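Colleague: I'd like to go over a predicted model; first the sequence, then the structure.
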Number of protein chains: 4
Amino acid sequence: MDEMTQRVVSFVRQRDWEQFHNPKDLAVSLTLEAAEVLEHFQWKDSAEIKKHLKDSKTAVAEELCDVLYWVLLMSHYFGIDLKSEFDAKMDQNEKKYPLDKAKGRHDKYTAYQG
Amino acid sequence: MDEMTQRVVSFVRQRDWEQFHNPKDLAVSLTLEAAEVLEHFQWKDSAEIKKHLKDSKTAVAEELCDVLYWVLLMSHYFGIDLKSEFDAKMDQNEKKYPLDKAKGRHDKYTAYQG
Amino acid sequence: MDEMTQRVVSFVRQRDWEQFHNPKDLAVSLTLEAAEVLEHFQWKDSAEIKKHLKDSKTAVAEELCDVLYWVLLMSHYFGIDLKSEFDAKMDQNEKKYPLDKAKGRHDKYTAYQG
Amino acid sequence: MDEMTQRVVSFVRQRDWEQFHNPKDLAVSLTLEAAEVLEHFQWKDSAEIKKHLKDSKTAVAEELCDVLYWVLLMSHYFGIDLKSEFDAKMDQNEKKYPLDKAKGRHDKYTAYQG
């Protein structure tokens, strides 16, 4: 993870792009890239999606990487230690959805919004 | 990264939630979590955002972790090796935005959509 | 439509809120409200959605109205005659998807992104 | 409004596209079109946005019309009387943001999420 963040930060610094990276536009970019992931699944039923994920796996992977790019870069700019925050969030999730109550429960699940 | 993916996958498996995770809803979740990140920056000017990132850093971090959660989980389900795909995408980015042309260039930059 | 726009504009003016309405944040608001519509359909299969649209029709309607609110307000601020632009866009759509080629065609349809 | 809805519904019916219009994908389409509006304002400061709204007014208008297209179509499918729901929602907004408290208030304003 650190290595990936380092690569993104170097990429941006070498191009002198930090000047354009205000937080609001970073967040907009994150949202637009997520929308590009979503677009891959629009108007497709289960079978078509299965086929699409086989035929266009790299294209989908690239969109997920674009989302990750902004997650890493935002974390860097905002001074967020993503690894340790992620562990803390997963600790929370485990408490919020205890095994005995959440297991196989759709209703518990649908309540999950992170 | 692998460790984080393992944690997400275990979390989901232990709760028997794989049955709910169709690709379209995963992509919807990713988009909705990105929107929750964006919401933190809505209706705020630069000074207000700076203050917000200081006062609510953990809240913003948690939303970024939620986005990451879905990126990791989708990559797992779709059989995507995120680390190696990310490196390949960064290789592409470096070719697409060569230093001598992209450096400090807003126009080049704005063309970047991943 | 004009009447609805008038109501939105009066509502905003009376509260002296025009000062906060920069175009980027208006567009962010539109996106976030659309995400709130989408959230109603997340993690639900066809039967659950049918039930939800029956039980929570007003809630869904309110989210659609929130989207419409920003469409009307943005059009007002940007000097866009929404009715005439809409007619022009539908003219385009009709040419882009001629009856003899687009009828019942999923592939034609999936290409539609507006 | 009714006239616009009629036009959208006829357009869809003539092409026999109702079969593809499940609610989840309609909501996805709405979200993706809103993202396309947002994209127009990404990485632009106030001056650049002003220029863009002058130079590309029609392009922005078309994206807003695409959002409206889905709002009208979803309302039609879900049996929502958009005009009357909109009036009801504005009644609510007026009560939620009374003039004496909301006027010129940024904090009241930022609380507005519809």
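Modeller: That came in fine, so what should we check first?
Colleague: and residue A:91, how far is that from residue B:7?
Modeller: As judged by C-beta to C-beta, to the nearest Å, residue A:91 and residue B:7 stand 10 Å apart. Where C-beta positions appear, they are placed from N, C-alpha and C, glycine not excepted.
Colleague: smallest gap between chain A and chain D, at which residue?
Modeller: Relative to chain D, the nearest point of chain A is residue A:35 (4.0 Å; C-beta to the nearest C-beta).
Colleague: tell me which residues in stretch A:35-52 are buried?
Modeller: Counting neighbours by 16 or more other C-beta atoms under 10 Å in any protein chain shown, one finds that the buried residues in stretch A:35-52 are A:35, A:36, A:37, A:38, A:39, A:40, A:41, A:42, A:43, A:44, A:49, A:52.
Colleague: which residue ranges of chain A form helices?
Modeller: Ranges of helices in chain A, per DSSP state H, are A:2-14, A:23-39, A:46-55, A:57-77, A:82-96, A:99-102, A:106-110.
Colleague: pull out the buried positions in the fourth one.
Modeller: Along helix A:57-77, the positions that meet the burial threshold by neighbour count (16+ other C-beta under 10 Å) are A:60-77.
Colleague: picking up where we left off before, out of residue A:91 and residue B:7, which sits in the busier spot?
Modeller: Legend: neighbour count by other C-beta atoms under 10 Å in any protein chain shown for residue A:91 and residue B:7, higher for residue B:7 (17 against 10).
Colleague: and the gap between the more buried one and residue A:61?
Modeller: Taking C-beta to C-beta as the measure, residue B:7 falls 21 Å from residue A:61.
Colleague: also residue A:75?
Modeller: Distance, residue A:75 to residue A:61, by C-beta to C-beta: 21 Å.
Colleague: same thing with residue A:28?
Modeller: Using C-beta to C-beta, we find residue A:28 at a distance of 23 Å from residue A:61.
Colleague: what distance do you get for residue A:91 to chain B?
Modeller: For residue A:91, the distance to chain B equals 10 Å [C-beta to the nearest C-beta, to the nearest Å].
Colleague: identify the residues contacting that residue.
Modeller: Going by C-beta atoms under 8 Å, 6 or more residues apart in numbering or on different chains, residue A:91 touches no other residue.
Colleague: just residue A:76 next, same as before
Modeller: Taking C-beta under 8 Å, 6+ apart, one finds A:5, A:8, A:9 in contact with residue A:76.
Colleague: burial check on the second one, number of neighbours?
Modeller: Neighbouring residues of residue A:8 were enumerated by other C-beta under 10 Å; the total is 20.
Colleague: check contacts around it.
Modeller: Each residue near residue A:8 by C-beta under 8 Å, 6+ apart is listed here: A:69, A:72, A:73, A:76, B:90.
Colleague: can you name the two of those that are farthest apart?
Modeller: Greatest spatial distance among these (C-beta to C-beta): A:76 and B:90, at 14.6 Å.
Colleague: pull up the overlap in contacts between residue A:91 and residue B:7.
Modeller: Common contacts of residue A:91 and residue B:7 (C-beta under 8 Å, 6+ apart): none found.
Colleague: still on that earlier bit, between the contacts of residue A:8, which is closest to residue C:85?
Modeller: Nearest member of the contacts of residue A:8 to residue C:85, counting by C-beta to C-beta, is residue A:69, at 34.8 Å.
Colleague: for the closest one, report the pLDDT, please.
Modeller: Looking at residue A:69, its pLDDT stands at 98.
Colleague: dump the helices of chain A to TSV, plus distance to residue B:98.
Modeller: Shown next, in TSV, are the helices of chain A (distance: least, C-beta to C-beta, whole Å):
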stretch	distance to residue B:98
helix A:2-14	10
helix A:23-39	21
helix A:46-55	31
helix A:57-77	18
helix A:82-96	29
helix A:99-102	50
helix A:106-110	46
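Colleague: rank the ones you listed by pLDDT, which is bottom?
Modeller: With a mean of 62, helix A:106-110 has the lowest mean pLDDT of the helices of chain A.
Colleague: and chain A, which residues reach chain D?
Modeller: Neighbours of chain D within chain A, by C-beta under 8 Å from any C-beta of the partner chain: A:20, A:25, A:28, A:29, A:31, A:32, A:35, A:38, A:39, A:41, A:42, A:43.
Colleague: from residue B:10, how far out is the residue lying farthest from the centre of chain A?
Modeller: Each residue of chain A has a distance to the centre, and by C-alpha atoms, centre = their mean the biggest one is for residue A:100: 28.3 Å. From residue A:100 across to residue B:10, the span is 16 Å (C-beta to C-beta).
Colleague: what of residue A:94?
Modeller: As for residue A:94, its distance to residue B:10 is 10 Å (criterion: C-beta to C-beta).
Colleague: more crowded one of those two?
Modeller: Per other C-beta under 10 Å, whichever of residue A:94 and residue B:10 has more neighbours is residue A:94, with 16 against 12.
Colleague: is that one in contact with residue B:7, as I believe?
Modeller: No - Residue A:94 is beyond contact range of residue B:7, at 9.5 Å (criterion: C-beta atoms under 8 Å).
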